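**Student:** Compute the structure for the input listed below.
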Amino acid sequence: WCHVLVPKNIARRFSSVHLAYHCWTWREATAFSFRSCFNISDQALIYLFNRVKSIAHLDLSECKASSAGVLKHVSQAKWATNLRHLGVAHWDSVSDQQLEYLKECKGLTSLDVSGTSISNDGMLDYLKVNPKLQHLDMRYNDEITESPESKCLRSLDLSETGVRIFPSGAALERVRLTRLP
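**Tutor:** Purely as a prediction, here's the structure:
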């Protein structure tokens, strides 16, 4: 087991060239965090996805140079069913259409789509086909006005959304619902 984490102090300078250079040494890695790596292209991520054996944890939050099309490649990767956590927070281009791709990631238990354009209907459709999802972060999304219902959802963050009614659920252990003036 190996975890690849790009430190915050170099994240903004980390680029596709760096990723390609290190890719061969990361073949056995199962967890990748490229949070705030603004200079990683779709092509570099796809290159990585095709070379690693399995990914269980993938955080691409705030990767501004990457497009939502990368999610299609995530869903088609040979390791897609092994993926347990995916973070795509603050990707402006992630909407219901891209959430459709993630339906292929049947093992996903944790999803961070905070700051995206996911709608109520898109999330409800997704939860119907992925009942294993236990942790869901949908902060900073004004499109969300209703709390999603799922029997397995254990933690849910609806801070800074349009939700006004406190969510309920048999398995819910932790809920965050805040709205700043």
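**Student:** what's the nearest residue to Gln97 if we skip its chain neighbours?
**Tutor:** Excluding its sequence neighbours, the residue lying closest to Gln97 (C-beta to C-beta, 6 or more residues apart in numbering) is Ala68, at 7.8 Å. To be clear about C-beta, it is placed using only N, CA and C from the backbone, and glycine gets the same treatment.
**Student:** residue contacts, that neighbour?
**Tutor:** Shown in contact with Ala68 (C-beta atoms under 8 Å, 6 or more residues apart in numbering): Val88, Trp91, Ser93, Val94, Ser95, Gln97, Gln98.
**Student:** what do you get if the cut-off is 10 Å, keeping everything else the same?
**Tutor:** Counting by C-beta atoms under 10 Å, 6 or more residues apart in numbering, Ala68 makes contact with 42, 88, 91-95, 97-99, 101, 116-117.
**Student:** Mind giving me the PyMOL select for those, buried ones only?
**Tutor:** The PyMOL command for the buried members of these (criterion: 16 or more other C-beta atoms under 10 Å) is given here:
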select buried, resi 42+88+91+94+95+98+99+101+116+117
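**Student:** So which of the contacts of Ala68 sit within helices?
**Tutor:** Using DSSP state H, the members of the contacts of Ala68 that fall within helices are Asp42, Gln97, Gln98, Leu99, Tyr101.
**Student:** Give me the distance between the last one and Ala80.
**Tutor:** If I follow you right, that is Tyr101. 9 Å (C-beta to C-beta, to the nearest Å).
**Student:** Common neighbours of these two, please.
**Tutor:** His73, Val74.
**Student:** Look up how far Gln134 lies from the residue nearest to Gln97.
**Tutor:** When distance is defined by C-beta to C-beta, Ala68 is 24 Å away from Gln134.
**Student:** Same check on Val74?
**Tutor:** In this structure, Val74 lies at 19 Å from Gln134, with C-beta to C-beta as the measure.
**Student:** Name the residue in these two with the higher neighbour count.
**Tutor:** Between Val74 and Gln134, Val74 has the larger neighbour count (other C-beta atoms under 10 Å), namely 23 against 18.
**Student:** so the more buried one sits in a helix?
**Tutor:** Yes - Val74 sits within a helix when classified using DSSP: H, G, I helix; E, B strand; the rest coil.
**Student:** Just say helix, strand or coil for the closest residue to Ser150 other than its chain neighbours.
**Tutor:** If you skip the residues right next to it in sequence, Ser150 has Leu127 as its closest partner in space, 4.7 Å away by C-beta to C-beta, 6+ apart. Following three-state DSSP, Leu127 is assigned to helix.
**Student:** Quick check: Leu124 touching Ser150?
**Tutor:** Yes - counting by C-beta atoms under 10 Å, Ser150 is a contact partner of Leu124 at 9.1 Å.
**Student:** Just want to know which of the two has more residues nearby.
**Tutor:** Counted by other C-beta under 10 Å, Leu124 and Ser150 do not tie: Ser150 has more neighbours, with 23 against 13.
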